[in-house]
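Asks: Sequence first, then the predicted structure:
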Amino acid sequence: MTTTALRLGTRASALATTQSGHVADLVRNRLGREVELVEITTEGDTSSAPLAQMGGTGVFVSSLRQALLDGRIDLAVHSLKDLPTAPCDGIALAAVPQREDPRDVVVARDGLTLGELPAGSRVGTGSPRRAAQLHALGLGLEVDGIRGNVDTRIGKVRSGDYDAVVLARAGLARLGRLDEATEVLDPLQLLPAPGQGALAVECRADDTTLVTALAALEDPGSRAAVEAERSVLATLEGGCSAPVGALAEVVEGDDGDELWVRAVALSHDGGLSVRMSASGSPADAAGVGTRLADEMLAEGAADLMGTALSSPVPSEALTEAPAKRQDA
């Protein structure tokens, strides 16, 4: 057995290194290989501009991928929701480990829940998806953009700059800070981002030995769920700037495992939405997601995503397509 340490590329934030450390432990335990973390700075780490202005999800990924292709690292770990939906030449998504709870959480002043915040309360999020769904709840909240790591965002609540922030539950759980959440949001209120809570382990596609070995880290149910969600996003041609939420899960049915997918596309102000669901075989996860998104497009999802922030739609104009069951 080789004793050469695998070089694992990671962003330098506390959350990124914690996530990468989790994957490093999996590699040590399941592959019997030593791992060293190599910190890589990405564009998303050095700019304070909104993600949409920097090109969306890829700003956290491209530098790590380049380090892989250059041979500076052997594998990289990403938050899977940060991955662009288009494949990258020379890069293999070698494993999706078991997913954390993908839901969003609220961290609010005085231990309040979202529904307990007074109208006009200032809620921070850098996600158009979260902002649109918060507006759609009709709670009269003032939703403002915010960037920064978990400490920075929660600090804005502690300092009184914001009454609450909305974050991914998975990040707080991995950092051991879940007790700071004042509410875990039901997906009926806020559907998470496609791939939220999951990690992506990438390596060079031509490193076939490592591609094969990293399969030991794979969780098939998590892979099927995120493939379905990302197929919804890819078909809707969405991204970080598009208000799209999706959540899939593999459940045990009478005839074996079944994949269920829910998705929503919204106007930026949350006034209009298309919300649908589908089901099918986990083996056809991408197909189930694609067909669901095609139905959403037929209901006008593309028009909703194109609604300009400067052209608000009255909340009473909300349209929602009925949920549909789709068998693969």
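Replies: Happy to help now that I have it. As the structure is a computational prediction, the values presented were derived from the model and not from experiment.
Asks: any idea which element the spatially closest residue to Ala225 that is not a sequence neighbour lies in?
Replies: Take Ala225 and drop its neighbours on the chain: the residue closest to it by CB to CB, 6 or more residues apart in numbering is Ala248, 4.1 Å away. Quick note: C-beta positions are derived from backbone N, CA and C, even for glycine. If you go by DSSP states H and E, Ala248 is part of strand 244-253.
Asks: again, but for Ala200
Replies: Going by DSSP H and E, Ala200 is in strand 199-204.
Asks: Ok, Val123 next?
Replies: Using DSSP H and E, Val123 falls in strand 122-124.
Asks: cool, Leu15 as well?
Replies: helix 14-31.
Asks: Now find how far off-centre that helix is within its chain.
Replies: Centroid displacement of helix 14-31 relative to its chain, using CA atoms, centre = their mean, to the nearest Å, is 19 Å.
Asks: just for the stretch 201-328 of the chain, where's the confidence low?
Replies: 238-242, 305-328 (pLDDT under 70).
Asks: same thing but at 90, please
Replies: 237-243, 253-255, 300-328 (pLDDT under 90).
Asks: Please enumerate the helices of it.
Replies: 208-214, 220-236, 285-298, 301-305 (DSSP state H, counting those that start in this stretch).
Asks: out of the ones you listed, deepest packed?
Replies: Most buried of the helices of the stretch 201-328 of the chain, by mean neighbour count (mean count of other CB atoms under 10 Å): helix 220-236, with a mean of 25.
Asks: tell me the angle that one makes with strand 199-204.
Replies: Interaxial angle, helix 220-236 versus strand 199-204 (axes from the mean of the first three to the mean of the last three CA atoms, to 10 degrees): 80 degrees.
Asks: now the angle between helix 285-298 and helix 220-236, please.
Replies: Using the same axes, to 10 degrees: helix 220-236 against helix 285-298 is 30 degrees.
Asks: Can you give the contact residues for stretch 34-44?
Replies: Stretch 34-44 is contacted by residues 3-12, 17, 20-21, 24, 27-28, 51, 54, 59-64, 67, 72-73, 76 when judged by CB atoms under 8 Å, 6 or more residues apart in numbering.
Asks: Give me the distance between Val232 and Leu190.
Replies: 16 Å (CB to CB, to the nearest Å).
Asks: One more: Gly287?
Replies: Gly287 sits 26 Å away from Leu190, going by CB to CB.
Asks: With Leu117 instead?
Replies: Taking CB to CB, one finds Leu117 at 14 Å from Leu190.
Asks: For the helix or strand hosting Val107, buried residues please.
Replies: Assigned by DSSP H and E, Val107 belongs to strand 104-108. Judged by neighbour count using 16 or more other CB atoms under 10 Å, the buried positions of strand 104-108 are 104-108.
Asks: ditto for stretch 115-134
Replies: Applying 16+ other CB under 10 Å to stretch 115-134 flags 117, 121-134 as buried.
Asks: Repeat that for stretch 137-156.
Replies: By neighbour count with 16+ other CB under 10 Å, stretch 137-156 contains the buried residues 139, 141, 143, 146, 150, 153-154, 156.
Asks: hmm, back to that, who's in contact with the strand holding Ala248?
Replies: 102, 129, 133, 187, 190-194, 221, 224-226, 228-229, 232-233, 236, 238, 257-266, 282, 285, 288-289, 305.
Asks: one step back: restricted to helices, list the contacts of stretch 34-44.
Replies: 17, 20-21, 24, 27-28, 51, 54, 62-64, 67 (DSSP state H).
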